[in-house]
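In: Turn this into a structure:
(2 chains, ligands or ions: 1)
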Amino acid sequence: MAKKNPSKRPAASSKFEEPMTGTTVFNVPLPADLKALKGTSPIVVKQPYNIEYLHSYGQDSPFFAGLSNKKLLGTKCPKCDYTWATPRLACTQCGGETDWVEIPQTGRVHTFTTCYFGGEEFLKETPFHLVLVEFDGVDTLLLSRLLGPAQPEEIKIGMKIKAKFRRNSQLKPTDVYFVPA
Amino acid sequence: MVSGGVSKFAKARPDATFQKIVKESFDYAMNDVPKLKHSMIDGSVVSYFSDHFTRQLMAGIMAVDYLGLCPKPNKRIEGGGATGGLCFQAGWEAVASGRMNVCAAFGFETMSRVPTWKGNEFIALASDVNFDYPVGGFYSGYYAMMVNRHMHEFGTTVEQLAMVSVKNHMNAYGNPYAQKRRKLTIADVRNSAMVAYPLTLLDICVMSDGAATCILADEETAFKLTDHPVKITGVGTGTDMMRMSDRPHGEVLLAPNEKKSDYRNLKYPGVHSFRAGRSAGLQAYKMAGITDPLKQLDFVELHDAYTSSEIQTYEDLALCKYGDGGKFVEAGYPFMPQIDYGMKLPKKGALPVNPSGGLIACGHPVGATGLMQAVFAFWQIQGSIKKHYGSPELQLKKANRGLIHSHAGTGTYVTVSIMERGW
Ligand SMILES: [Zn+2]
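Out: Next up, the predicted model:
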């Protein structure tokens, strides 16, 4: 890939991000001739949209309890033996109920990316690596973060990685992350 | 289908609310078939993707009432990125079932009300909020993981991805409705900002404000309204599991032109292929009597939210075998025969894909996108590109049968519809 910035100096921006700020006004003019109104510039106002949810993990809750106890829990169908790394209580193969099982804490990179941008909530954490982890004896994958490599070129599909857990659990799926094994 | 209309897709339309943008596309469609009187419309279906973007629940009915279509039947259709394609098929269902003789299908999205990165957050909420969103919440990241696996399985290259971007941006040069009309090289695409490795800014579609309308009618009514109706001869809708990590690693759903022995070691769909796209394609091909899509289709308008998903979709639609998508673009099959791309393309024009410029260049106002594809395909089949684009540059000589393809969230919903010359 071409290196476009050999000098290592950040490039000056060539455009402004559209600001979310405006100017406070208390009145706008109105022409006397109402026929002229169709030419009115659009009036744009800023409105907040903040909501807090009490989100329940529901039947997935044991996974998060597992993470806070440094265990990686998946589910397994007692009939089909099908095992999910990202747990689900209902087996999609037979419709039966699955059981909680501990899955290995070492696996391999099934695929990966490095995010240089992201949704606003995660923008401050960029760049970061995402990986889908595959485990021996488990039929599905787990989405997680990979820490350690500085550049995407250092990550290889099939490379061995191991789970690490945050000391202070946030009860989020990022309580577990992976590092090269 | 008897008529269609599209508002110009733009980064921002602060001059209009969503109702007015819908009406622009609706009025365009109505004006294109003067014999169609407003009173002849029996009902409608409306689509938009995100309540977060509109910050207005029941926005659908507000578009319907603005168009004066009350108190006739209507419902809102939603299915992520495939929202527009699902809406098109819901309109077809209303007519095919006999419930309506004439149905208007319209959709919109106004995405400019929030900054790009907040918009990306809204879109990422269309991934599992227990397990996926909190880990990285970014659709470009999800698609980047999928294409990295595709590259690993099949040897697809970033230059092949870039060729899709060059093609679609160049095609859009002849499409006045497109948001981005640029002449690019492979190097331009690779040198633009890295968003999610290996996808750059120019591998990814942009957010838009826009609307599109399709007017659908039964055959008898259609010929009363126009001499050149387009017949919908096949529809297919596929689904897959929301979390791509959950998708099976099993056997390929075989197309009529494939054999089990073609894929001895391939675990399918994994995260490299879209099983929903294959499922939708097979249903539509069966209904339309298509057994060799590469030969039997004249063009394709597909959901290229990412250059990578265009390449993956060639394979899902059996335009080539799984694994050959990169070579398919490299050989030139999906390029327009009449356009100079500044590249050597031995098979140039064999099956033009995204003659309009696709999502990458036209923009992706989610609820309108699948309907926009239907309108562009409709004009292409009618041979009326010159009338609607103002230039014949993008008109294909042979455009009797086209395929439109709409796709949601890492391949969770995919629609495929086959459109043919009806006269
Ligand atoms: Zn089971």
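In: hey, let's count contacts and neighbours off CA atoms from now on
Out: Will do.
In: which residues touch whatever residue of chain B ends up closest to the ion?
Out: Nearest to the ion, among the residues of chain B, is B:Pro248, at 13.5 Å (C-alpha to the ion). Going by C-alpha atoms under 8 Å, 6 or more residues apart in numbering or on different chains, B:Pro248 touches A:139-140, B:268-270.
In: next structured bit after the helix ranked longest in chain A?
Out: The longest helix of chain A (DSSP state H) is helix A:61-68. Going down the chain from helix A:61-68, the next helix or strand is strand A:73-76, by DSSP states H and E.
In: in chain A, what spans have low per-residue confidence?
Out: Within chain A, the segments meeting pLDDT under 70 span A:1-8, A:18.
In: That one: helices as residue ranges?
Out: So, for chain A - with DSSP H - the helices run A:61-68, A:120-123.
In: which residues are in contact with the longest one?
Out: Judged by C-alpha under 8 Å, 6+ apart, the contacts made with helix A:61-68 from elsewhere in the structure are A:72-74, A:87, A:165-166, A:168-173, A:175-176.
In: repeat for stretch B:367-374
Out: Stretch B:367-374 is contacted by residues B:4-6, B:47-49, B:78, B:81-88, B:105-109, B:210-214, B:301-303, B:358-359, B:404-406 when judged by C-alpha under 8 Å, 6+ apart.
In: residue contacts, the closest residue to A:Pro180 other than its chain neighbours?
Out: Leaving aside its chain neighbours, A:Pro180 sits nearest to A:Ile161 (4.3 Å; criterion: C-alpha to C-alpha, 6 or more residues apart in numbering or on different chains). By C-alpha under 8 Å, 6+ apart, A:Ile161 lies in contact with A:106-109, A:178-181.
In: ok, of the residues you listed, which one's closest to A:Thr21?
Out: Set against A:Thr21, the nearest of the contacts of A:Ile161 by C-alpha to C-alpha is A:Phe178 (39.5 Å).
In: contacting residues around the closest one?
Out: Taking C-alpha under 8 Å, 6+ apart as the test, what A:Phe178 contacts is A:144-147, A:161-164.
In: quick one: contacts for B:Phe106?
Out: B:22, B:26, B:44-47, B:87, B:211-214, B:368, B:371.
In: could I get whichever strand or helix holds it in PDB with only the CA atoms?
Out: Following DSSP H and E, one finds B:Phe106 within strand B:102-110. Output of strand B:102-110 as PDB, limited to C-alpha atoms (Å, rounded to 0.1, in the frame of the first residue of the first chain):
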ATOM      1  CA  VAL B 102     -52.200   0.300  -8.700                       C
ATOM      2  CA  CYS B 103     -49.800   0.600  -5.700                       C
ATOM      3  CA  ALA B 104     -47.300   3.300  -5.000                       C
ATOM      4  CA  ALA B 105     -44.200   2.200  -3.300                       C
ATOM      5  CA  PHE B 106     -42.000   5.000  -1.900                       C
ATOM      6  CA  GLY B 107     -39.200   5.400   0.600                       C
ATOM      7  CA  PHE B 108     -36.900   7.900   2.100                       C
ATOM      8  CA  GLU B 109     -34.100   8.600   4.600                       C
ATOM      9  CA  THR B 110     -32.900  11.900   5.900                       C
END
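In: re the thing from before, if any of the contacts of B:Pro248 are buried, put those into a ChimeraX selection.
Out: For the buried members of the contacts of B:Pro248, the matching ChimeraX selection, counting by 16 or more other C-alpha atoms under 10 Å in any protein chain shown, is:
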select /A:139,140 /B:268,269,270
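In: and the contacts of B:Pro248, which of them are in strands?
Out: When DSSP state E defines the strands, the subset of these inside them is B:268-269.
In: okay, the contacts of B:Phe106 in a markdown table with distance to B:Lys224 next?
Out: Formatted as a markdown table, the contacts of B:Phe106 follow (distance: C-alpha to C-alpha, whole Å):
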| residue | distance to B:Lys224 |
| --- | --- |
| B:Val22 | 25 |
| B:Phe26 | 20 |
| B:Ser44 | 20 |
| B:Val45 | 22 |
| B:Val46 | 25 |
| B:Ser47 | 28 |
| B:Cys87 | 24 |
| B:Ala211 | 27 |
| B:Ala212 | 23 |
| B:Thr213 | 20 |
| B:Cys214 | 17 |
| B:Ala368 | 27 |
| B:Leu371 | 23 |
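In: Can you tell me which of those residues lies closest to B:Lys344?
Out: Closest to B:Lys344 out of the contacts of B:Phe106 is B:Leu371 (33.1 Å), distances taken as C-alpha to C-alpha.
In: What pLDDT is listed against the closest one?
Out: Note for B:Leu371: predicted pLDDT of 98.
In: in which helix or strand would I find it?
Out: In the assignment (DSSP H and E), B:Leu371 maps to helix B:366-382.
In: Can I get that helix as PDB, trimmed to CA atoms?
Out: C-alpha atoms of helix B:366-382 as PDB (Å, rounded to 0.1, in the frame of the first residue of the first chain):
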ATOM      1  CA  VAL B 366     -31.400   3.800   3.200                       C
ATOM      2  CA  GLY B 367     -35.200   3.600   2.900                       C
ATOM      3  CA  ALA B 368     -35.000   5.000  -0.700                       C
ATOM      4  CA  THR B 369     -32.000   3.000  -2.000                       C
ATOM      5  CA  GLY B 370     -33.700  -0.200  -3.100                       C
ATOM      6  CA  LEU B 371     -36.500   1.800  -4.800                       C
ATOM      7  CA  MET B 372     -33.900   4.000  -6.500                       C
ATOM      8  CA  GLN B 373     -32.300   0.900  -8.000                       C
ATOM      9  CA  ALA B 374     -35.700  -0.200  -9.300                       C
ATOM     10  CA  VAL B 375     -36.300   3.200 -10.900                       C
ATOM     11  CA  PHE B 376     -32.800   3.200 -12.500                       C
ATOM     12  CA  ALA B 377     -33.400  -0.300 -13.800                       C
ATOM     13  CA  PHE B 378     -36.900   0.600 -15.000                       C
ATOM     14  CA  TRP B 379     -35.500   3.500 -17.100                       C
ATOM     15  CA  GLN B 380     -32.700   1.300 -18.400                       C
ATOM     16  CA  ILE B 381     -35.200  -1.400 -19.600                       C
ATOM     17  CA  GLN B 382     -37.600   1.200 -21.000                       C
END
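In: Distance from the chain centre to that helix, please.
Out: 8 Å (C-alpha atoms, centre = their mean, to the nearest Å).
In: and after that helix, which helix or strand comes next?
Out: helix B:385-389.
In: mind listing what's buried in the longest helix of chain A?
Out: So for helix A:61-68, counting by 16+ other C-alpha under 10 Å, buried means A:62-68.
In: quick one: contacts for the closest residue to B:Gly81 other than its chain neighbours?
Out: Excluding the flanking residues, the one nearest B:Gly81 by C-alpha to C-alpha, 6+ apart is B:Ala408, at 3.9 Å. Contact analysis of B:Ala408 by C-alpha under 8 Å, 6+ apart lists B:79-83, B:414.
In: Check the residues you listed one by one and keep those near the ion.
Out: The subset of the contacts of B:Ala408 lying close to the ion, counting by C-alpha under 5 Å from the ion, is empty.
In: Sort out for me which of the residues you listed are in strands.
Out: Per DSSP E, the subset of the contacts of B:Ala408 in strands is B:Val414.
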